[in-house]
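Participant: Just to be clear, the model below is a prediction. Sequence and coordinates:
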Amino acid sequence: MWPILGIQFVMNASHFMVVPLLAVYLASTMALTSFQVGSVMAANLLSAQVLPIITGTLADRFNAKRFLIGGLAMRSFGLIVFAYVSDWRMLMLAATIMGTGVALYDSGLYAIFGRQNKESRTQIFLVNNQMLNAGVIVGPLIAAIAAHIDIRLSFICSAALFLALALASCAIKVESKALSTAGNIVRDLKKAACDPRMIRLIITCSPWYFLFAQLYVSFPLYYAEIAGQNSAPTIFLVNGIAGIAFMFASMAFIHKLRPATSLPILYAVAAVFYALVPATQLPIWFLVFVVLYTAIETLMLPMNETLVAEIAPIQSQSTYFGIVSAASAIVGAVGYYVGSWLVMNSSALFTWLTLSVISGIGFALSNHFKRALLSSNEFAQPK
């Protein structure tokens, strides 16, 4: 696991060299409308998280190493194209290529992670999230420097790192036997998609998928408005540092928490945090909110992944992760359109109270999810 987790760190650092600048780059440098910004962002998200419906089932049957290498190489190519085109339709195409690379890479990755024993699964997802937070620190620092030289330099440097990772992945040894299985892909997809436990989980987590998308749209666009165009990487830097701090703090107790019973609490606290944002437009206040939001994110992400791994039958983990990924992409794409419109066309009060209400909806759904679980135990893994 450690070589793969090491690649995850460098990959996340490379990813966050671009992400902090993406929405602001499209809105300010490229002067796109809110619809065009949402379209480019949605093209990347949908290709990254809907395609795993197919790539996930394939990763359950073939050696994941090819998916890791191919995904990294495609992301490198997409970033190079993104740096040198100006038409928003071409930007959508480049974003789709980048997203397809994400789909291939993540399918191989979660095929490996999902097959680890139950005792170590949560810990692996926790460390994986730690690699995310570490990358969020390094990447935005480089992005902040690049933004003051030439914003496209960040895309080029990120592309070079992804290409280097693709070459490095060739040296990783993965047991092909552990990653192959026979079966009908369509049948397995239909079975997973009709799993009532999966449907209930997706409905419960949909408000979070919407809210998590705002980290890449509403957060940087809003902060750029109140703190300046080149300030967006600061959000992700604060998010990464706070994430690592909260992750270390939570490692002692997170394995004792029951994800289903913790979700309502997290949603309720998040609703309060969002409602407090418009109290003042001081940049430091918003950074305080980012720290508080990060505490929620630090617990929400590994709990969601743990729930998916628990309900997925053996040899179908990546298929289940693919379906959840597609669902989160569809909801997240809506979040991109809504979030960009809210920040660019409405008041701060209306924007953040809307997000608070959505978190409140998540609280209601997760409470129902918890009661159903406690009363019927229908979430238990079938034999």
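Facilitator: Cool, got the structure. Numbers count the residues shown, from 1 in each chain.
Participant: Report the contact partners of F273.
Facilitator: By C-beta atoms under 8 Å, 6 or more residues apart in numbering, the contact set of F273 is F289, L292, Y293, I296. (C-beta placed from N, C-alpha, C; glycine too.)
Participant: run the last query once more with 7 Å
Facilitator: For F273, the contact set (C-beta atoms under 7 Å, 6 or more residues apart in numbering) comprises F289, L292, Y293.
Participant: so which strand or helix has the last one?
Facilitator: The reference is to Y293. Under the criterion of DSSP states H and E, Y293 resides in helix 283-311.
Participant: and that helix, what does it pack onto?
Facilitator: helix 118-149, helix 196-213, helix 218-227, helix 232-250, helix 259-276, helix 317-345 (3 or more C-beta pairs under 7 Å, 6 or more residues apart in numbering; DSSP states H and E).
Participant: Please export the alpha-carbon coordinates of the second one; CSV is fine.
Facilitator: What follows is helix 196-213 as a C-alpha-only set of coordinates in CSV (Å, rounded to 0.1, in the frame of the first residue of the first chain):
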residue,chain,number,x,y,z
PRO,A,196,-31.4,-1.0,-1.9
ARG,A,197,-28.5,-0.4,0.5
MET,A,198,-26.6,1.4,-2.3
ILE,A,199,-29.7,3.5,-3.3
ARG,A,200,-30.3,4.5,0.3
LEU,A,201,-26.6,5.5,0.8
ILE,A,202,-26.5,7.6,-2.4
ILE,A,203,-29.7,9.5,-1.4
THR,A,204,-28.3,10.1,2.1
CYS,A,205,-25.0,11.4,0.8
SER,A,206,-26.3,13.5,-2.2
PRO,A,207,-26.4,16.8,-0.2
TRP,A,208,-22.8,16.2,0.7
TYR,A,209,-21.9,15.6,-2.9
PHE,A,210,-23.4,18.9,-3.8
LEU,A,211,-21.7,20.7,-0.9
PHE,A,212,-18.3,19.1,-1.5
ALA,A,213,-18.4,20.5,-5.1
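Participant: Low-confidence ranges, the stretch 101-250 of the chain, go.
Facilitator: For the stretch 101-250 of the chain, the stretches with pLDDT under 70 are 111-112, 114-123, 125-126, 129, 133, 147, 173-185, 188.
Participant: quick one: the helix holding Y293 to helix 218-227, angle?
Facilitator: 170 degrees (axes from the mean of the first three to the mean of the last three C-alpha atoms, to 10 degrees).
Participant: Now do the same for helix 283-311: mean pLDDT, whole number.
Facilitator: For helix 283-311, the mean pLDDT works out to 86.
Participant: Find the nearest non-adjacent residue to A232, please.
Facilitator: P220 (3.9 Å; C-beta to C-beta, 6 or more residues apart in numbering).
Participant: quick one, what contacts the one you found?
Facilitator: P220 neighbours (C-beta under 7 Å, 6+ apart): P20, A23, V24, A232, I235.
Participant: low pLDDT regions in the stretch 251-383 of the chain?
Facilitator: Looking at the stretch 251-383 of the chain by pLDDT under 70, you get 251-252, 254-255, 314-318, 373-383.
Participant: can you rerun that using 90?
Facilitator: 251-263, 280-281, 295, 297-330, 332-333, 336-337, 340, 344-346, 366-383 (pLDDT under 90).
Participant: wait, doesn't A83 sit right on D150?
Facilitator: No - A83 lies out of contact with D150 (C-beta atoms under 7 Å); the separation is 9.6 Å.
Participant: who's more crowded, these two?
Facilitator: A83 (19 against 11; other C-beta atoms under 10 Å).
Participant: quick one: the more buried one and V331, what's the gap?
Facilitator: 29 Å (C-beta to C-beta, to the nearest Å).
Participant: now F321
Facilitator: Taking C-beta to C-beta, one finds F321 at 16 Å from V331.
Participant: These two: who's more crowded?
Facilitator: Legend: neighbour count by other C-beta under 10 Å for F321 and V331, higher for F321 (26 against 21).
Participant: Could you report the neighbour count for the nearest residue to the more buried one once chain neighbours are set aside?
Facilitator: Of all residues not flanking F321 in the chain, Y110 sits nearest, at 4.4 Å (C-beta to C-beta, 6+ apart). For Y110, the count of nearby residues is 29 (other C-beta under 10 Å).
Participant: quick one: the strand or helix carrying Y110 to chain centroid distance?
Facilitator: Y110 belongs to helix 88-113 when assigned by DSSP H and E. Helix 88-113 has its C-alpha centroid displaced from the chain centroid by 12 Å (C-alpha atoms, centre = their mean, to the nearest Å).
Participant: and the angle from it to helix 317-345?
Facilitator: 140 degrees.
Participant: and helix 88-113, which residues are buried?
Facilitator: Using 16 or more other C-beta atoms under 10 Å as the test for burial, helix 88-113 gives 88, 91-113.
Participant: Then stretch 237-247?
Facilitator: Those would be L237, V238, N239, G240, I241, A242, G243, I244, F246, M247, for stretch 237-247 by 16+ other C-beta under 10 Å.
Participant: which residues make contact with it from outside it?
Facilitator: 126, 129-130, 133-134, 136-137, 140-141, 287, 290-291, 294-295, 298.
Participant: quick revisit: and of the helices and strands packed on helix 283-311, who's closest to S359?
Facilitator: helix 259-276 (3.9 Å; C-beta to C-beta).
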